[in-house]
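Undergrad: following is a predicted model, sequence given first.
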There are 2 protein chains.
Amino acid sequence: MPKERLYIFDTTLRDGAQTAGIEFSLEDKISIAGLLEQLGVDYIEGGYPGANPVDTEFFETRRTKKAKFTAFGMTKRAGRSAANDPGIQALLNSRADATCFVAKTWDHQVKVALEISLEDNLENLRDTVAAAVVAGKEALIDCEHFFDGFKANPDYALSCVKTALDAGARWVVLCDTNGGTMPSEIRDIVGKVLAVAPGDHLGIHAHDDTGQAVANTLAAIEAGVRQIQGTLNGIGERCGNANLITIIPTLVLKPLFADRFETNIDAARLERLTQISRAFDDRLNRAPQRQSPYVGASAFATKAGIHASALLKDFSTYEHVPPESVGNERSIMVSQQAGKSNLLTALARHDIILAKDDPRLEKLLATVKEREARGYSYDGADASFAVLAHEVLGTLPSYFTVENYRASVERRHNAQGEEITVTEAVVKIRVAGELLMSVAEGNGPVNALDLAMRKDLGKYSARIEDLELVDFKVRILDGGTGAVTRVLVESRDGTGERWYTIGVSPNIIDASFEALYESITYKLLKTEAAQGTTEKVA
Amino acid sequence: MPKERLYIFDTTLRDGAQTAGIEFSLEDKISIAGLLEQLGVDYIEGGYPGANPVDTEFFETRRTKKAKFTAFGMTKRAGRSAANDPGIQALLNSRADATCFVAKTWDHQVKVALEISLEDNLENLRDTVAAAVVAGKEALIDCEHFFDGFKANPDYALSCVKTALDAGARWVVLCDTNGGTMPSEIRDIVGKVLAVAPGDHLGIHAHDDTGQAVANTLAAIEAGVRQIQGTLNGIGERCGNANLITIIPTLVLKPLFADRFETNIDAARLERLTQISRAFDDRLNRAPQRQSPYVGASAFATKAGIHASALLKDFSTYEHVPPESVGNERSIMVSQQAGKSNLLTALARHDIILAKDDPRLEKLLATVKEREARGYSYDGADASFAVLAHEVLGTLPSYFTVENYRASVERRHNAQGEEITVTEAVVKIRVAGELLMSVAEGNGPVNALDLAMRKDLGKYSARIEDLELVDFKVRILDGGTGAVTRVLVESRDGTGERWYTIGVSPNIIDASFEALYESITYKLLKTEAAQGTTEKVA
């Protein structure tokens, strides 16, 4: 039986722009449209030409190669024709392939918000769609508040759908605008809409206000719609839109959908999913969510001893899909609950291959447990684990040792009577017998120590040039300013790899220094491995 | 018609402990159990006594008042009786009210992972439940991989359910262990389980690997189960467990569920939901997710434009439930109007009553917005808000001023060649014209500054004697050691009141000092109010 085609409509650049704290520049929009084409969505809704300068400029050029470049706007106002409505004309004159107009379909809203008659609203819809079709655009209608409208007045909501289709709309999209509808309600109502409209002309637009935007979208597909709207990583107003990064792999990989439907996204494209999701977060300058379905750093992570050993026997038991299928990877973490099998897997990740009965394994496990009892947590600090493992196994090169360091912060008034803070750090290290002493000022004591330590690493200086600290987290383990402090440092280098190191001490400065020191050590280990063991470090 | 009772089973402290990067201390567990009792869940699964020292100690005392205190473990091993299985006995001898044992119900897993016969597995299940019942514990069985098992061998999966119930289990919980099951499959399979087991003895345990843990849980309720398992904020292995913070308001507020079911959580408890969710993230030292359904800072946020003005006409149009019902608040990001009324409410909380048209309100609003743009966040630092408000309104007494301070940390070798760290701080303050200078050593620079500042506050010393710092949190706002640092300090005094102050600076020491200074100022304001305005501060 041939599969039915599902169409994926991305609204990251339009509805996603309603997200609190997100403001796209023109460059952002161009770059994100590129990611969306890599992903392979069918429609890219780029914004609202005429509504603001960025969107207007974005629509002056066709920004997509394959995907339908779609402009968003409102249906025409009452009392004028679409031909005389400058809002409509901005869309029709843009370089868009398709135009998506939002229309009210809840009788209460037509009366209260638009203050026009129900029939006038239908006429606005009809004339707008007809104008788009005449202008050669594919026409879509977003039915705002469709499900609330249907519950209040099903006949009117359905007459909006029929009017749009009769006027020539390619798609009528049923929107759960305030996000409060349950999947079983979506299923029931879509079933009733099918009485007046074919499913391959219906779309779904869900919001995540009850945490069910993904489920509502999938329920609508099961009920009959064939277009789905959503955004990258589920950005959007309030709790966000349906997350396409979550929905797409379910459609491609789960037999319930994959056996019946096809999309433009094949297995090869799906393997880019994790990278696209993370590149999008990078563009927004925010940390990817570790727990995101399919693409999160934790999505295929296992901690417990029992699960990990079962996992090694048979991956299918604790993985609902293979991590490689979405470009993600399996991670078996080291922690207090770890057994030897976790440890072997973790070591293998750093190319350390030990036999299961190697006595050093026992020693490493004991060291990990002892340190975790003191507040270390290696499941979030894999680079520190690697350094510790090399140390315990006796394979850590002696790159450099720290003789001593000092950091001071002084708040005082300067000669002009202004309050200033002066922060300074001095670090003395020994590299290959040579004592190197550096001093640096910084924004704070940790920043100053970081700058001082990296200022001169002797013969290793060139190898850490592209090392960059990305994030720095502090947690107090038992409360109060006198308690034990855990510091987690995230680093990155020119290859794009990110790694995490940890430090624990009652003194926040010592804890930070330890994490910084281990980050540098890891970077040196890493570059040594990349250069191969044959090359002698000069 | 009387409503059916739904039971809420929280597994934050057990399955939630599988989350990558989360390691609970005993204090964490005690504090989180307190939050769960405030929320009103029926069962609190606290961990696995006997498996690690923290869990064992946690179960040495009954840690709940009303909720059933539940211990987790594995069904007995083959080849010995439950009475001779130390794992089982650890649970039965603990102070738990109820015990939840995980059993395999997927035939493939029984053979491959346990390497025992299908009948032996049933016998393990039967004997374990019977032993728990004899020991006076309520018995629950978690059916691991139930849905995968049912698809592979429905008869065997059902025989596990029947065996557990026949042996006296109060609940049999159907687990979607690897999180890959779709809501429509959950609905179908639960329907078939109902043929052998009553719904009021069935539970659902869902994971979020396809972003549908909430929907799967709700689908299972609609299909007939009456116990739901989940965690606070959806923590848990891989992509997390079903998020109870999302599910609970849907059950309490949405007619589809609220008309048919009741839980232990009434409207008054529901109003604490946002605060509980955020307190939990605070305990984990992580930023609450802004987009979380119901409780996120953006959950009821509307950005500029058409939606905001429609919202002001009629809140129901863009809010699926009233934000107050879950203890959250509406935020209209461009509306000065909304800002002012929020501000008046916050001021009233500190007994500062202003008229709506008081011009100082405009000034305070502008100051708050300007400071929030720089990284302050008064949401979680109400004491700092009170100090700021008094300052802007001109009602802050001049208790003391800080002339300057200095902190230094030095790591070096002592005469014995041991590494030591010496931390010292000096603070100069002026109280009523008198210059007071104090020096203190501490575990770290912030601890030393705290001790030095509080050492001598002149005439105010007696008033801060019972001030205690409870917690200290650091968050980096844009990443890297050179970024802006936000410090949140939690304080407490002899009355038991806790308050939060905030400091923001590129320098962690300055940010910490600001938060410490404001905590002392708030304490002085508070004792002054307690003494009444008639008493003149000497």
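TA: Done, it's in. As the structure is a prediction and not an experimental result, all values here were calculated from the model.
Undergrad: which SS state does the residue in the stretch 201-350 of chain A that chain B sits nearest to fall under?
TA: Using Cβ to the nearest Cβ, A:H320 is the residue of the stretch 201-350 of chain A that sits closest to chain B, at 2.6 Å. Where you see a C-beta, it was placed from the backbone N, CA and C, and this is true even at glycine. A:H320 carries the three-state label coil when classified by DSSP: H, G, I helix; E, B strand; the rest coil.
Undergrad: residue contacts, it?
TA: By Cβ atoms under 8 Å, 6 or more residues apart in numbering or on different chains, the contact set of A:H320 is B:178-180, B:209-210.
Undergrad: just the closest of these to chain A, please.
TA: Of all the contacts of A:H320, B:G180 has the smallest distance to chain A: 2.6 Å, by Cβ to the nearest Cβ.
Undergrad: tell me the contacts of the closest one?
TA: Contacts were defined as Cβ under 8 Å, 6+ apart; by that measure B:G180 touches A:254, A:320-321, B:148, B:209-210.
Undergrad: on that earlier part again, mind putting the contacts of A:H320 into a markdown table with secondary structure and pLDDT?
TA: Formatted as a markdown table, the contacts of A:H320 follow (DSSP: H, G, I helix; E, B strand; the rest coil; pLDDT from 0 to 100):
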| residue | secondary structure | pLDDT |
| --- | --- | --- |
| B:N178 | coil | 94 |
| B:G179 | coil | 97 |
| B:G180 | coil | 97 |
| B:D209 | coil | 98 |
| B:T210 | coil | 98 |
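Undergrad: what's the burial count for A:Q38?
TA: A:Q38 is flanked by 14 other residues according to other Cβ atoms under 10 Å in any protein chain shown.
Undergrad: now A:P323
TA: Residues near A:P323, counting by other Cβ under 10 Å, number 18.
Undergrad: can I assume A:E403 sits in a helix?
TA: No. Using three-state DSSP, the assignment for A:E403 is strand, not a helix.
Undergrad: you'd agree it is up against A:V426?
TA: No. Shown here, A:E403 and A:V426 do not form a contact pair, counting by Cβ atoms under 8 Å, at 10.6 Å.
Undergrad: closest to A:R95 among the contacts of A:H320?
TA: B:T210 (36.8 Å; Cβ to Cβ).
Undergrad: what's the burial count for the residue of the stretch 1-150 of chain A found nearest chain B?
TA: Nearest residue of the stretch 1-150 of chain A to chain B: A:A20, at 4.4 Å (Cβ to the nearest Cβ). Neighbourhood size, A:A20 [other Cβ under 10 Å]: 19.
Undergrad: does it sit in a helix, a strand or a coil?
TA: With three-state DSSP as the criterion, A:A20 reads coil.
Undergrad: got the phi and psi for it?
TA: Note on A:A20: backbone dihedrals following degrees, to the nearest 10 are phi -60, psi 130.
Undergrad: likewise the one 10 residues further on?
TA: Dihedral pair for A:I30: phi -60, psi -40, per degrees, to the nearest 10.
Undergrad: and for A:R412?
TA: Dihedral pair for A:R412: phi -150, psi -180, per degrees, to the nearest 10.
Undergrad: surely it touches A:I420?
TA: Yes. Between A:R412 and A:I420 there is a contact at 6.6 Å, judged by Cβ under 8 Å.
Undergrad: circling back: what's the pLDDT at the residue of the stretch 1-150 of chain A closest to chain B?
TA: On the pLDDT scale, A:A20 is placed at 79.
Undergrad: so it sits right up against B:G296, yeah?
TA: No. At 9.3 Å, A:A20 does not count as touching B:G296 under the criterion of Cβ under 8 Å.
Undergrad: mutual contacts of these two, please.
TA: What both A:A20 and B:G296 touch, as defined by Cβ under 8 Å, 6+ apart, is the set B:R290.
Undergrad: on that earlier part again, let me know the closest of the contacts of A:H320 to A:M74.
TA: Using Cβ to Cβ, the contacts of A:H320 come closest to A:M74 at B:T210, 34.6 Å.
Undergrad: leaving aside the residues next to it on the chain, what's closest to that closest one?
TA: Sequence neighbours aside, A:T250 is the residue nearest to B:T210 in space, at 5.2 Å (criterion: Cβ to Cβ, 6 or more residues apart in numbering or on different chains).
Undergrad: much appreciated, bye for now.
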